[in-house]
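# model the following, please.
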Amino acid sequence: QVQLVESGGGLVQPGASLRLSCASSGRTFTNYVMGWFRQAPGKEREFVAAIGRSGNNTHYAYSVKGRFTISRYDAKNTLYLQMNSLKPEDTAVYYCAAGVLSGDGYIVTARRYDYWGQGTRVTVSS
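Model (predicted):
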């Protein structure tokens, strides 16, 4: 089992930055590819970013590319999402997820992830 706990959400103005963290415990963090998803009110959960086991292979949703950066710090068993130039449409509950994949690829499909955190809320509003 893997336990994931997100933190770092909050209320910010448009244009601001936030860094989300996802602390992992349980099984070896480096065994898992990781991802961030979000769910806005009344909408389905959507892919945000993913990272492979080495940290060198990343992928982003078009809507966040160039503004968000996913990274992992394996020594601290922690996944991060640096979010810059936030927009009102980024408002959502953000979830981290862990999945198993051979090699150093990444996963963009929610159903392929095995473990999920409970989410942290991000609100972007003036």
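# check the gap between Thr69 and Val12 for me.
17 Å (C-beta to C-beta, to the nearest Å). Quick note: C-beta positions are derived from backbone N, CA and C, even for glycine.
# identify the residues contacting the residue nearest to the spatial centre of the chain.
Closest to where the C-alpha atoms of the chain average out (C-alpha atoms, centre = their mean) is Trp36, at 2.3 Å. Contact analysis of Trp36 by C-beta atoms under 8 Å, 6 or more residues apart in numbering lists Leu20, Cys22, Val48, Ala49, Ala50, Ile70, Leu79, Leu81, Tyr94, Tyr95, Cys96, Ala97.
# what sits against the closest residue to Ala97 other than its chain neighbours?
In space, and not counting its chain neighbours, Ala97 is closest to Tyr113: 3.7 Å by C-beta to C-beta, 6 or more residues apart in numbering. Applying C-beta under 8 Å, 6+ apart to Tyr113 gives the contacts Gly35, Ala97, Ala98, Gly99, Ile107.
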